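**Q** coords please:
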Amino acid sequence: MKPAISPRASDPLATPRYRQVAIGHPDVEVSQVDGILRMRAKEPLAPLPARLLERLQHWARVRPHQTFIAARDSAGMWREVSYAQMLEQVRAIAANLLGFGLSAQRPLAILSGNDIEHLQIALGAMYAGIAYCPVSPAYSVLSQDFAKLRHVCEVLQPGLVFVSDTAPFQRAIEAVIDTRVPVVSLQGVLPGRPQVAFSRLLDSPDVAAADAAFAATGADTIAKFLFTSGSTKLPKAVITTQRMLCANQQMLLQTFPVFAEEPPVLVDWLPWNHTFGGSHNLGIVLYNGGSFYLDSGKPTVQGFAETLRNLKDISPTAYLTVPKGWEELVKALEQDAALRERFFARIKLFFFAAAGLSQSIWDRLDRVAEQHCGERIRMMAGLGMTEAAPSCTFTTGPLSMAGYIGLPAPGCEVKLVPVGDKLEGRFRGPHIMPGYWRAEQQTAEVFDAEGYYCSGDALKLADPDNSQLGLMFDGRIAEDFKLSSGVFVSVGPLRNRAVLEGSPYVQDVVVAAPDRECLGILVFARLPECRQLAGLEPGASDAQVLTSAAVREWFAHWLQRLNRDAQGNASRIEWVALLEEPPSIDHGEITDKGSINQRAVLQRRAQTVEALYRGEASNMLRAGRAA
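**A** Next up, the predicted model:
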């Protein structure tokens with residue numbers, strides 16, 4: 001969830017009408033001493049429950065029959081689990097898990113993706129005071145060498161593993177998981193190791209021991225480990241406590257009081273091994289007594305049909321997704337009246353995270369909402385990270401422009417500290433992690449003397465003369481570099497603008513390169529969209545697509561647009577190169593959630609970069625002309 005960036009510029013002549021929604025607008029207390037700027041919301045954080053599952057107990061009493069989670073079964077029908085049913089199942093699972101001798105030192109590892117059983121066993125572990133870790137399924141299913149899965153298991157030392165179906169995970173389990181570690185599954189057989197049917201965990205033993213275990217947990221109890229995306233180094237296990245989860249949800253509720261006015265209904269696909277899906281979105285529903293409809297679709301050309309099917313069934317009150325999801329959705333909304341009717345029936349807020357949302361997509365969303373509803377729906381974003389469970393700021397301020405991340409949420413203290421030529425954003429509050437698991441040195445490195453988490457994100461005031469307007473994202477400090485002339489290059493804003501300007505044909509870019517005389521951009525293109533632009537049949541190779549005249553012409557104009565306002569070598573792009581080979585998860589070039597590791601790409605493709613700077617590559621376009 002780092003960073004969520006709003007690309008919309010304020011239009012002083014426009015007075016658009018927005019759907020009325022209760023959104024907090026906290027005043028901010030600001031001070032500055034010795035070049036260090038401090039900000040926090042004047043509104044204090046309200047009292048918190050000690051444990052997140054107190055909310056499950058509450059709603060099981062208050063709304064026992066309301067759907068908590070639903071997912072489609074094999075027949076395509078919604079299988080629903082109420083709050084009362086979930087609590088009963090969680091207590092049974094917790095009682096059975098106590099017999100495995102699990103702890104933070106031997107946690108539960110969940111290797112498969114989102115489903116009802118994933119949630120049941122995860123909450124069962126939390127109820128029993130057992131830490132669990134949802135591991136990215138890509139580490140088991142997409143990876144060929146299982147290097148990241150091996151690293152995760154070396155850090156965790158899991159005492160129990162869960163997968164829904166053993167078949168897709170068999171190779172990974174056999175390669176990485178100790179044969180003495182039991183595996184829980186719904187289906188499938190793994191020869192030569194202890195295996196437990198998930199149904200056995202639902203057998204109802206005496207739950208008194210589980211209730212006692214839950215009573216013994218508190219705010220400092222570890223709820224789960226969430227691994228960072230590994231966009232700069234190997235993934236780190238973030239210790240996520242009950243206090244962190246409850247604090248972040250209370251921050252969200254005070255920022256968006258609308259969640260308490262009507263039980264939130266989400267139709268959501270975002271993976272639970274990431275903080276945005278598993279802590280932020282799922283938490284919104286649980287904390288506020290809403291309903292979560294599990295979307296097995298994905299924001300891809302192939303997978304989005306399932307998302308549309310679900311949105312035609314269920315009218316959400318808020319919709320949260322990544323920019324690619326919004327791109328796919330706005331196309332469908334423009335074309336499908338029945339979808340518009342269902343989607344806009346109850347919607348109160350839009351959210352996006354993980355990357356920037358392009359101006360054109362945002363404009364189209366506003367247009368289709370105005371045409372159907374007579375008003376716009378507010379699009380919210382902010383700055384969050386796994387280490388903060390995840391939220392720190394929200395765009396509740398008056399601005400709406402590229403890079404705006406808004407104001408601190410209640411309970412979050414922000415400190416901007418000079419680091420080189422920029423200001424690093426540092427954060428403190430009850431939502432901040434105590435540290436990385438089994439990584440004392442790495443933990444020490446990311447906290448300053450006052451206990452602020454050092455995010456590595458560069459931030460700045462949107463208006464130096466008016467701090468109440470909030471903050472702007474100013475790139476990742478670790479990604480910035482200098483050219484051979486000594487000129488400093490701010491990579492984050494440059495890269496973000498390139499991606500936003502590149503919609504819909506640019507998936508991501510890498511800015512090259514440190515200690516060179518000029519800037520270039522390596523481009524990972526969206527091949528389905530480029531194929532359509534080229535007018536080629538599905539059987540055409542990727543090389544044919546990227547070398548087609550129409551594609552090269554579009555990217556040549558894109559390069560011209562990027563350089564339109566360039567001022568010197570630090571912002572002028574001399575060439576772009578369209579890469580045929582996609583980023584590799586095994587080589588660390590991309591995380592499972594799609595974040596590019598700029599350093600890894602440049603290191604792995606050093607020979608390609610060298611050839612580009614010598615002008616010897618055929619896949620490049622130079623500023624002002626095609627090579």
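
**Q** Around residue 103, count how many other residues there are.
**A** 12 (other Cβ atoms under 10 Å). Glycine gets a C-beta too; all of them are placed from N, C-alpha and C.

**Q** pLDDT value on it, please?
**A** In this model, residue 103 is scored at 97, pLDDT.

**Q** just residue 365 next, same as before
**A** Note for residue 365: predicted pLDDT of 95.

**Q** show me what contacts it?
**A** Residues in contact with residue 365 (Cβ atoms under 8 Å, 6 or more residues apart in numbering) are 326, 330, 333, 350, 377, 379.

**Q** helix or strand for the fourth one, which one?
**A** This points to residue 350. strand 349-352 (DSSP states H and E).

**Q** so what's the residue nearest to residue 31 when sequence neighbours are not counted up against?
**A** Once flanking residues are discounted, residue 31 sits nearest to residue 38: 5.0 Å by Cβ to Cβ, 6 or more residues apart in numbering. Neighbouring residues of residue 38 by Cβ under 8 Å, 6+ apart: 30, 31, 32, 413, 414, 415, 416.

**Q** What are the boundaries of the strands in the stretch 51-200 of the chain?
**A** 67-72, 78-82, 108-110, 132-134, 160-165, 183-187, 195-197 (DSSP state E, counting those that start in this stretch).

**Q** same check, this time on the stretch 301-450 of the chain
**A** 318-321, 349-352, 378-380, 382-384, 391-394, 404-408, 413-419, 422-428.

**Q** Go ahead and name everything in contact with the second one.
**A** With contacts defined as Cβ under 8 Å, 6+ apart, strand 349-352 is touched by 4, 21, 256, 258, 317-323, 325-326, 365, 377-381.

**Q** same check, this time on the last one
**A** Residues external to strand 422-428 that are found in contact with it (Cβ under 8 Å, 6+ apart): 37, 383, 388, 392, 412-418, 448, 450-460, 471, 474-475, 477, 480, 490.

**Q** now the helix or strand residue 533 falls within: how far from the chain's centre is it?
**A** Residue 533 is located in helix 527-534, with elements delineated by DSSP H and E. Distance, stretch centre to chain centre, for helix 527-534: 27 Å (Cα atoms, centre = their mean, to the nearest Å).

**Q** got it, and stretch 285-298?
**A** When C-alpha coordinates are averaged (Cα atoms, centre = their mean), stretch 285-298 and its chain have centres 16 Å apart.

**Q** That one: which residues count as buried?
**A** 285-295, 297-298 (16 or more other Cβ atoms under 10 Å).

**Q** now for these, which pair is the farthest apart?
**A** Largest separation among the buried residues of stretch 285-298 by Cβ to Cβ: 289 and 298, giving 28.0 Å.

**Q** rewinding a little: switch the strands of the stretch 301-450 of the chain over to TSV; also include distance to residue 131 and mean neighbour count.
**A** Below are the strands of the stretch 301-450 of the chain laid out as TSV (distance: least, Cβ to Cβ, whole Å; neighbours: other Cβ atoms under 10 Å):
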stretch	distance to residue 131	mean neighbour count
strand 318-321	26	24
strand 349-352	28	22
strand 378-380	31	20
strand 382-384	22	29
strand 391-394	22	30
strand 404-408	29	28
strand 413-419	27	19
strand 422-428	23	23
